[in-house]
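A.B. asks: This is the structure alone, sequence omitted:
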């Protein structure tokens, strides 16, 4: 039995778990930015929010994104071995999913940059903008799941 026969389902499970953690953090971080934006500069709340934002990014979001990409790449190899080829790259759904995940990674990078700005005492964007940006990961997650699950057929 090949390694994909033994590890495909556990890899898929780990990929889904890491996506859940990544998205949980990506949905929560901009909400913290909303609260941070309204906090008094130099106050206790601002200090607490800076700690929460840093820990959320370093302990949950960054490792979850790395795990998501790692398990996703391993699944590509597993699919290639199971299908005796790399036909997955010719699938339109795969290209769409890959572009959406790249875009989500870009949003992740944007949020990481914003966290650094907040830590320096800056207030990037308005509270209203952060409330709007809070919805982007949710909408992108819906699109990714629909592409991967529905368009796959």
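C.D. replies: The structure has been received and is ready for your questions. Keep in mind that this is a model prediction, so the values were computed, not measured.

A.B. asks: which one is the residue positioned nearest the centre of the chain nearest to, not counting chain neighbours?
C.D. replies: The residue lying closest to the centre of the chain (CA atoms, centre = their mean) is residue 22, at 4.4 Å. Closest residue in space to residue 22, ignoring its immediate chain neighbours: residue 64 at 3.8 Å, by CB to CB, 6 or more residues apart in numbering. C-betas here are computed from N, CA, C, even on glycine.

A.B. asks: lowest-pLDDT helix or strand in this structure?
C.D. replies: helix 62-82 (a mean of 89; mean pLDDT, DSSP states H and E).

A.B. asks: pLDDT of the helix or strand encompassing the residue nearest to the centre of the chain, averaged?
C.D. replies: Using DSSP states H and E, residue 22 falls within helix 3-38. Helix 3-38 carries an average pLDDT of 92.

A.B. asks: Following the chain past that helix, name the next helix or strand.
C.D. replies: Following helix 3-38 in sequence, per DSSP H and E, is helix 44-55.
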